[in-house]
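Asks: Everything below, folded, please.
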Amino acid sequence: MSDFKLTTPVAFIIFNRPDTTERVFAEIAKAKPPKLLVVADGARTNKIGEAEKVAATRAIIQRVDWDCEVLTNFSEVNLGCKIRVSSGIDWVFEQVEEAIILEDDCLPDATFFRFCQEMLERYRDDQRIGMISGDNFQFGQTRNNDSYYFSKYVHIWGWATWRDRWQKNYDVELKKWPVIRDGNYLVDILGNNKEAKSWNKIFESMYKGEIDTWDYQWVFANWVDGRLNVMPNVNLISNIGFGLDATHTIGDSKLANITTCQMIFPIIPPVGVYRNLQADLYTFNSCFNVPLYKIIYNKLLTYIK
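Replies: Just a heads-up that it's a prediction; the model follows:
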């Protein structure tokens, strides 16, 4: 890693958790990005003490002590997860052509930054690819010696993409959903009825505004446009944010605090651009094949805690 120099901008999405923010910031500081773009939501007026936590979290950014252009996009009112994160990423891609994106509870291995940068360079002009993820939820299962595989899934606990992919595809309001729903096109997109039924419920709830989040819209955008996503064959991100003070990652989960591994360089690419069907099936069964009520419950807990 000593000969690696990070040249890709890093976007950092923060809110009210100085403890996790400090840990993630420490890893960003080691990577020394030349440009750091920080997005923050405002405190909720009905949450006692949250304004102080928000201020303490934002103060961490003042510790930048390397040669770095720091840009901030701080909201003084609370916009909520859906609007704040989506509008924040909109702002990021108004500033830069491509970015590595981390939230305040996504702790990266040091090799995550180099992996993202090399993948951004490799697939910059390949419109088949929507994004690069740092996550691997295969729990040690590997099927070959490649450094990464291609997936239809969109894991965003540490990821990277390009301006054109985001601006062309992303729609926070899911305006295309009625056409996809009424035409029963999810079966065509996903390839099986069981998975289509599960995701139909999620997208319908999103369209009705029942879940305050931004990420399912990014899943939808990549699927409708037929894009694949790069997934490392080792896990490069640990979500350290599960707990009662989290916004959405509340409770016990096997996805919490997964151990990270180092990516080995030079990277070994797959022989072609094709989806790993076995890995995706495992991901669906282990991560997404859960009752809708549990998904909505976890998303809404933020409003009652």
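Asks: which residues touch Ser87?
Replies: Leu79 (C-beta atoms under 8 Å, 6 or more residues apart in numbering). Quick note: C-beta positions are derived from backbone N, CA and C, even for glycine.
Asks: so it sits in a strand?
Replies: No. Under DSSP: H, G, I helix; E, B strand; the rest coil, Ser87 falls outside any strand and is assigned helix.
Asks: For it, give its distance to Cys81.
Replies: 11 Å (C-beta to C-beta, to the nearest Å).
Asks: Distance from stretch 187-197 to the middle of the chain?
Replies: 23 Å (C-alpha atoms, centre = their mean, to the nearest Å).
Asks: residues in contact with that stretch?
Replies: Residues contacting stretch 187-197 (C-beta under 8 Å, 6+ apart): 152, 180, 184, 186, 199, 223-224, 226, 284, 288-289.
Asks: same check, this time on stretch 264-272
Replies: 111, 114-115, 118, 122, 144-150.
Asks: let's see it at 7 Å
Replies: Residues outside stretch 264-272 that contact it (C-beta atoms under 7 Å, 6 or more residues apart in numbering) are 114, 118, 145-147, 149-150.
Asks: Next: stretch 217-228.
Replies: Defining contact as C-beta under 7 Å, 6+ apart, one finds that stretch 217-228 is touched by 128-130, 150-152, 154, 156, 169-172, 174, 176, 180, 189, 203, 206, 229, 273, 275.
Asks: Narrow the residues you listed to those that are buried.
Replies: 129-130, 150-152, 154, 156, 169-170, 172, 174, 176, 180, 203, 206, 229 (16 or more other C-beta atoms under 10 Å).
Asks: of the residues you listed, closest to Lys35?
Replies: Ile156 (20.3 Å; C-beta to C-beta).
Asks: Pretty sure that closest one sits against Asp215.
Replies: Yes. At 5.4 Å, Ile156 counts as touching Asp215 under the criterion of C-beta atoms under 7 Å.
Asks: Name all residues that make contact with Ile14.
Replies: Listed by C-beta under 7 Å, 6+ apart, the contact set of Ile14 reads 21, 38, 40, 57, 104.
Asks: Please report the distance of the fourth one from Ile237.
Replies: Okay, so that is Thr57. For Thr57, the distance to Ile237 - C-beta to C-beta - is 20 Å.
Asks: Next: the last one.
Replies: When C-beta to C-beta is the yardstick, Asp104 and Ile237 sit 13 Å from each other.
Asks: Kindly report the same for the second one.
Replies: As defined by C-beta to C-beta, Val38 lies at a distance of 19 Å from Ile237.
Asks: Is the closest residue in space to Ser75 that isn't next to it in sequence in a helix, a strand, or coil?
Replies: Excluding its sequence neighbours, the residue lying closest to Ser75 (C-beta to C-beta, 6 or more residues apart in numbering) is Gly42, at 4.5 Å. When classified by three-state DSSP, Gly42 comes out as coil.
Asks: Around Gly42, how many other residues sit close by?
Replies: 17 (other C-beta atoms under 10 Å).
Asks: Let me see the contact set for it.
Replies: Contacts of Gly42 (C-beta under 7 Å, 6+ apart): 54, 75-78.
Asks: Now, of these, which are buried?
Replies: With burial judged by 16+ other C-beta under 10 Å, the buried subset of the contacts of Gly42 is 54, 75, 78.
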